[in-house]
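> structural data only, the sequence is not supplied:
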């Protein structure tokens, strides 16, 4: 076969990119090995640092090259082709960059490098530099390998972003490959329109920075297990951990905000596996941050802190596996597609569990045998199969070993914890967060459990999640309320109880005053939901009041000291916002029907969406709504819906919402996006679920009439037009004798048609039936306002009927939408809570860094 | 650390409780035959749209009712009544997961998940 000489390909970019990919992998590996050796032999440290710096440089090189490719539309490369096109607005270039898996791995790698470089500087020449950076470099080895895209014994390692389109396995046998000048006529496929959203430019970097920051406490924890210095690492990791709490928390909530603003699953949280797998690491790192504080102030909780710090990073890896391996299959609507890296991702998760467990074992013989057995199991799995059984056996063994090493090797507290001590309450909180995380992980992992055990459980639905999580939220509210008033070690119980009883009494009064009308007054049945909602409301309010009290009475309102109090107020407000906006969400598009699917059981709702025909005005909740029509702007089709409020008897215009549907011709997708009217105390959230997007609204067609339809009837009959009811009112003949003779055998019959539109406005049309010299010459008539045209063309005297044809303007053609509308009450409390929590955490971090730097502490 | 041990035991008990309760309440993936056998239990049925059979969606009559026929993975075809509006891009779905139960030889679904080929990996390079 002849080599085809392709025209215009810029192969240098791919070569450059691949050089950086290889360099980044090799230098990561080199830096890992030399940091590892530097742990024992300081001579290796400078080599390790240089290797890490070169690695950082080459990752920046990869990113830069990829940007050049995207920015200059190098569509000969699969990544640029798949994720961008020429028509695209360049402000979305960042979204293009991380739309694909390779790009999002790069983003993650990038943040790891930023954090790694800062940490390297901070720890320079200290005891911790080598062990912490070893962990960092090892993670970078794994991440860098994700971009390799090379084959090792038929096994593909990584997915390379610099692959040429014509070399891509899916496209390499398409006919265009044979055309040397294919590039000149090629445009990219473009960005998924759902991602053309400003949230998509800020949410992923924040989330990935959050993911990256879980690596810091993990690296410190592993380093401490390695160098056996169990006391110092927590103080060093503490500010980083809270940084992770802040950034990951904000990232997760931004995801919720994005879902609420731009996706149409009707809320901010759907317990989708993709959402859960970023929430769980956050919950765990929050728990880790709290046990670190315990350890710092009072000692103890060492094992738990290790467990949590390692856990949050492993859960980030696990979530990467869940969302990117294709294992979720049917369970999630927005997981990434499988790039054939499942094995690789599983291997990474298992490797880090393996390293952790191996480091936990102090006994040398025991350690060596664990390592040997693990490797043995791994190779048996590869060669003979039985992977499922071996994996479960290995995980079981490893868990047992974790338990044993907790009892054998970890320093224990001698004294018993006091019930009225801050550490006990904080520990309970951490445990609650951990149990909550375990529950969510278990629910989310149903597809994995099915794979492992051969079961066929479906992922749980939203109500089950809510009902299970709610008791934990109550417990957290209670602990958050009390913990700050307690001192470390011991507090006098009576004084403490008296102190918090004021806040509790206040919360009880407020909670019942709000909860009874909200959940009990109009409730048909009183069950678990109503009671638990009220209880959660009371305890969240308790947490707010108690922390406000603590902030002003104990801390005297001093901002710099009150980070924790403020963050906890924010968290409690967030709980309240979630609770009220979710439990009191009202479907206002609900209309009464005779059919009641709700009789089928839980999960079946009676009508939730309503049909709006253009021009009609219908009542919807507290509003009257009119659908005015659709218009197209770019790839979006907007549906204009006016909202009116009754003012006395008169409807008064209130506002307009334009939910839209993205109609992307290129990817052939239609995706609805909501429109929301924000008020201080509620949101009106609407989205269109069905509509006819192919209406031709061009001016030419707009005024054209559609096909005429014939109607046979007599006086008093009605004809149904799209926008009106037409009544055949009467027939008038004006064949006076004289006239007939004068006009030379002219017979003229006029049909009087009365048309009533939806607002009962009356219009008249007078089409005429004329016979002149035995020839029928009908004279049509039109109702301009309604776009209706009538031709009266036949009289059947023997049966007493007349025939009229009616044609309707094309623009009348039943333009309709099916819309869902909800009111989310007090959802702003949720967002306010988020902001306050983020501010509080920020203040706390600043204070921690200040304390960490000041030598007196 | 006695108290913490008690707390630990409580946590484990709660976790086991959660697992049992949830396994009882979670629906399972199944085919139509199994759903017919247990008309009161909610199932996730996976299958494909039967394109030869008519689909009925008339928002003027009921905007929350959509009828079509699904062939499950065992090849059994049943009429489905989805109590929701017709989803966008429905015809393009490669695979459909329905959540609901069997009543009177019809499968009543309260939710639908669709796998569309277009979601992330659609389109071939077009050169003209």
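Received the coordinates, thanks. Predicted, not measured: the structure shown is a model, and the values here were computed from it.
> hmm, the helix or strand containing residue A:731 touching chain B?
Taking DSSP states H and E as the criterion, residue A:731 maps to strand A:724-733. No - counting by C-beta under 8 Å from any C-beta of the partner chain, chain B is not contacted by strand A:724-733; separation bottoms out at 14.9 Å. C-beta coordinates here come from the backbone N, C-alpha and C atoms, glycine included.
> quick one: strands adjacent to that strand?
Sheet pairing of strand A:724-733 (DSSP bridges) gives strand A:718-720 (antiparallel), strand A:746-757 (antiparallel).
> for chain B, what are the nearby residues on the stretch 101-250 of chain A?
The stretch 101-250 of chain A has residues A:165, A:170-171, A:174, A:176, A:179, A:182, A:185-187, A:189, A:192 near chain B, with proximity defined as C-beta under 8 Å from any C-beta.
> name the helices or strands packed onto the strand or helix carrying residue A:626?
According to DSSP H and E, residue A:626 maps onto strand A:623-633. Counting contacts by 3 or more C-beta pairs under 8 Å, 6 or more residues apart in numbering or on different chains; DSSP states H and E, strand A:623-633 is packed against strand A:609-613, strand A:617-620, strand A:636-647, strand A:816-825.
> recalculate using a threshold of 6 Å.
When contacts are defined as 3 or more C-beta pairs under 6 Å, 6 or more residues apart in numbering or on different chains; DSSP states H and E, strand A:623-633 packs onto strand A:617-620, strand A:636-647.
> give me the secondary structure label for the residue nearest the centre of chain B.
Geometric centre of chain B, nearest residue: residue B:98, 2.5 Å, by C-alpha atoms, centre = their mean. Here residue B:98 takes the strand state, with states given by DSSP: H, G, I helix; E, B strand; the rest coil.
> now the one 10 residues further on
When the structure is reduced to helix, strand and coil (three-state DSSP), residue B:108 reads as strand.
> you'd agree it is up against residue B:100?
Yes - taking C-beta atoms under 6 Å as the definition, residue B:108 is a contact partner of residue B:100 at 4.9 Å.
> who's more crowded, these two?
Ranked by neighbour count (other C-beta atoms under 10 Å in any protein chain shown), residue B:108 and residue B:100 place residue B:100 first, with 27 against 19.
> what residues are bridge-paired with that one?
Beta-bridge partners, per DSSP bridges, of residue B:100: residue B:43, residue B:109.
> residues in contact with it?
Contacts for residue B:100 (C-beta atoms under 6 Å, 6 or more residues apart in numbering or on different chains) come out as B:107-110.
> in CSV: those residues, plus pLDDT.
Shown next, in CSV, are the contacts of residue B:100 (pLDDT from 0 to 100):
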residue, pLDDT
B:107, 92
B:108, 91
B:109, 91
B:110, 88
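> could you flag which of those residues are buried?
Neighbour counting by 16 or more other C-beta atoms under 10 Å in any protein chain shown classes B:107-110 among the contacts of residue B:100 as buried.
> return the member of those nearest to chain A.
residue B:110 (4.4 Å; C-beta to the nearest C-beta).
> surely the closest one touches residue A:606?
No - applying C-beta under 6 Å as the test, residue B:110 and residue A:606 come out as separate, 11.1 Å apart.
> distance between stretch A:244-253 and the chain's centre?
When distances are taken as C-alpha atoms, centre = their mean, to the nearest Å, stretch A:244-253 is centred 14 Å away from the chain's centroid.
> show residues contacting that stretch.
Applying C-beta under 6 Å, 6+ apart, the contact partners of stretch A:244-253 are A:206-207, A:209-210, A:213-214, A:278-279, A:282, A:285-286, A:289, A:834, A:838, A:841.
> tell me the first helix or strand C-terminal of the longest helix along chain B.
Longest helix in chain B by number of residues, with DSSP state H as the criterion: helix B:2-25. With elements assigned by DSSP H and E, the helix or strand that comes after helix B:2-25 is strand B:28-30.
> just how off-centre is the helix or strand following that next one within its chain?
Later in the chain than strand B:28-30, the nearest helix or strand by DSSP H and E is helix B:32-37. Remark: helix B:32-37 is offset 14 Å from the chain centroid, using C-alpha atoms, centre = their mean.
> what helices or strands is the helix or strand containing residue A:432 leaning on?
Taking DSSP H and E as the definition, residue A:432 sits inside helix A:422-444. Secondary-structure packing of helix A:422-444 (3+ C-beta pairs under 6 Å, 6+ apart): helix A:273-298, helix A:462-483, helix B:2-25.
> chain B contacts on the stretch 751-857 of chain A?
Residues of the stretch 751-857 of chain A that fall close to chain B, judged by C-beta under 6 Å from any C-beta of the partner chain: residue A:818.
> identify the bridge partners of the residue in the stretch 751-857 of chain A that chain B sits nearest to.
Taking C-beta to the nearest C-beta, chain B has its nearest neighbour within the stretch 751-857 of chain A at residue A:818, 4.5 Å off. Beta bridges link residue A:818 to residue A:611, residue A:690 when assigned by DSSP bridges.
> show me what contacts it?
Taking C-beta under 6 Å, 6+ apart, we find residue A:818 in contact with A:609, A:611, A:689-690, B:59, B:63, B:85.
> from those residues, which two are the most distant?
A:611 and A:689 (10.5 Å; C-beta to C-beta).
> hmm, back to that, quick one, which of the strands paired with strand A:724-733 is packed in tightest?
A comparison of the strands paired with strand A:724-733 by mean neighbour count, using mean count of other C-beta atoms under 10 Å in any protein chain shown, puts strand A:746-757 on top with a mean of 18.
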